[in-house]
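Undergrad: can't give you the sequence, but here's the structure:
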Ligand SMILES: NC(=O)c1ccc[n+]([C@@H]2O[C@H](COP(=O)([O-])OP(=O)(O)OC[C@H]3O[C@@H](n4cnc5c(N)ncnc54)[C@H](O)[C@@H]3O)[C@@H](O)[C@H]2O)c1
């Protein structure tokens, strides 16, 4: 499946979700006019997938391979400046290409490098985690951490994103389930084919069947890309992508970031579905459907929190937004509205979710 996304009048960004993207990459590079290519690769991904970089590329182009620290450590000023220095030493030019192969952290770093090196060079992303394939590599947001997460960054679209579910075979179980947390939000946002796909293929998803994952990725990417196309700079529509995240972020913060993002979002989806049920009559059968999937996927909600502590964090967020706590919530599967939410409603939903999860 191939999408051409025209986020703005001037920029075209292609996303391809297919098996054997590496073969495609080789032919694209062979045909391209790029004379110099720099490749950033996450250290773990390099060890697992790039035994010989020449095997991977076979392109007869002048290229350098830069191994980047694995995971979140990549998103630092130190890593950023080290890479810029290596690009300069290699002689990368304004019309050269940067390729990044790795998880969401590397995609975020690479986007920032590509957007700032010589005021912007072409970028290809090859995301290798489920979070990166379904979320981080789509939509042009990038960034590095400084004091806090994603403080320095830009909106910058890659020329090409190549998504191949084969990489998911080597992900650890925790990273895979973490990615499914993000994918579950698309189920409610898309609301048609994805819920059926999950209902009918849950065991095949759990065992990482490549055919089913390919379909899951195609639908997830299409859902995000459509929203981003309408609202690149997150002024309104893109807010829908935050479903599950108000509560998810609070859980991450209250746990001192010991609970992983996707796990916290899955929990947030339960709480926010209860809120939607209370104020928008989001059908209770759909709330149960979401909870049942989360239960059967064995999300590990082995954490505890004080209801008031979580609520305080959410209300702090409200203060930062000048007194309004807005949430994008489903009225039914596939149909969202943005609503202002009262503290009492959130408290009841948190209580409700806690009771249900404890009894599951
Ligand atoms: N820009 C966005 O829109 C956006 C959206 C969501 C998340 N993010 C960012 O993405 C980051 C999280 O991404 P992530 O969850 O991919 O984490 P990550 O990039 O840290 O990768 C997680 C781990 O998986 C390893 N790994 C990567 N691919 C692998 C593979 N195929 N096989 C085995 N191991 C592999 C990595 O080495 C790392 O240890 C965060 O920094 C978050 O802020 C950005």
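TA: Received, thanks. This is a predicted model, so every value here is computed, not measured.
Undergrad: which parts of this protein sit against the ligand?
TA: Residues of the chain lying close to the ligand (C-beta under 6 Å from any ligand atom) are 42, 44-45, 48, 70-72, 75, 102-106, 108, 128-129, 131-132, 135-136, 139, 141-142, 150, 167, 170-171, 175, 178. All C-beta atoms are positioned from the backbone trio N, CA, C, and that covers glycine.
Undergrad: Give me the buried subset of the residues you listed.
TA: 42, 44-45, 70-72, 75, 102-106, 108, 128-129, 131-132, 135-136, 139, 141-142, 167, 171, 175, 178 (16 or more other C-beta atoms under 10 Å).
Undergrad: where does the most far-flung residue of the chain relative to its centre land in three-state SS?
TA: In the chain, counting by C-alpha atoms, centre = their mean, residue 60 sits farthest out from the average C-alpha position, at 32.7 Å. Secondary structure assignment for residue 60 (DSSP: H, G, I helix; E, B strand; the rest coil): coil.
Undergrad: Give the closest residue to it in space, chain neighbours not counted.
TA: Distances taken as C-beta to C-beta, 6 or more residues apart in numbering place residue 30 nearest to residue 60, at 7.4 Å, with adjacent residues excluded.
Undergrad: Next: residue 293.
TA: In space, residue 293 is closest to residue 198, 5.9 Å off (C-beta to C-beta, 6+ apart).
Undergrad: Need the per-residue pLDDT for that neighbour.
TA: If you check residue 198, the pLDDT there is 97.
Undergrad: Double-check that residue 338 belongs to a helix.
TA: No - assigned with three-state DSSP, residue 338 falls outside any helix and is strand.
Undergrad: Quick check, it in contact with residue 238.
TA: No - contact criterion C-beta atoms under 8 Å: residue 338 and residue 238 do not qualify, at 11.2 Å.
Undergrad: more neighbours, the two?
TA: Between residue 338 and residue 238, counted using other C-beta atoms under 10 Å, residue 238 has the larger neighbour count: 19 against 13.
Undergrad: Skip ahead from the helix or strand hosting residue 109 and say which helix or strand is next.
TA: Secondary structure from DSSP states H and E places residue 109 in helix 104-116. Next helix or strand after helix 104-116 toward the C-terminus (DSSP H and E): strand 122-127.
Undergrad: and that following strand, which strands flank it?
TA: Strand pairing for strand 122-127, determined by DSSP bridges: strand 97-102 (parallel), strand 160-163 (parallel).
Undergrad: got the buried residues for the next helix or strand after the shortest one?
TA: It stands for strand 160-163. Of the helices and strands lying after strand 160-163 in sequence (DSSP H and E), the nearest is helix 173-190. Residues 175-190 are the ones in helix 173-190 that count as buried (16+ other C-beta under 10 Å).
Undergrad: Kindly confirm my reading that the residue nearest to residue 293 is in a helix.
TA: Yes - counting by three-state DSSP, residue 198 is found in a helix.
Undergrad: Pull out the buried positions in stretch 340-357.
TA: Quick answer for stretch 340-357 (16+ other C-beta under 10 Å): 341, 345-347, 349-350, 352-354, 356-357.
Undergrad: In helices, which of those appear?
TA: Mapping these onto helices (DSSP state H) picks out 345-347, 349-350, 352-354, 356-357.
Undergrad: Dump these to CSV, plus pLDDT.
TA: Formatted as CSV, those follow (pLDDT from 0 to 100):
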residue, pLDDT
345, 93
346, 92
347, 92
349, 93
350, 92
352, 89
353, 89
354, 86
356, 82
357, 78
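Undergrad: which of those lies closest to residue 302?
TA: residue 357 (10.3 Å; C-beta to C-beta).
Undergrad: separation between that closest one and residue 312?
TA: Here residue 357 is placed at a distance of 20 Å from residue 312 (C-beta to C-beta, to the nearest Å).
Undergrad: before we move on, what about residue 110?
TA: From residue 110 to residue 312 the distance is 36 Å (C-beta to C-beta).
Undergrad: Tell me which of the two has more neighbours.
TA: With neighbours defined as other C-beta under 10 Å, residue 110 and residue 312 compare such that residue 110 has more, 30 against 14.
Undergrad: The more buried one: what's its closest spatial neighbour, skipping adjacent residues?
TA: residue 100 (3.3 Å).
Undergrad: and that neighbour, what are its bridge partners?
TA: Applying DSSP bridges, one finds that residue 100 bridges with residue 40, residue 125.
Undergrad: wait, doesn't it sit right on residue 125?
TA: Yes - counting by C-beta under 8 Å, residue 100 touches residue 125, with 5.4 Å between them.
Undergrad: what do these two both touch?
TA: 107, 110-111 (C-beta atoms under 8 Å, 6 or more residues apart in numbering).
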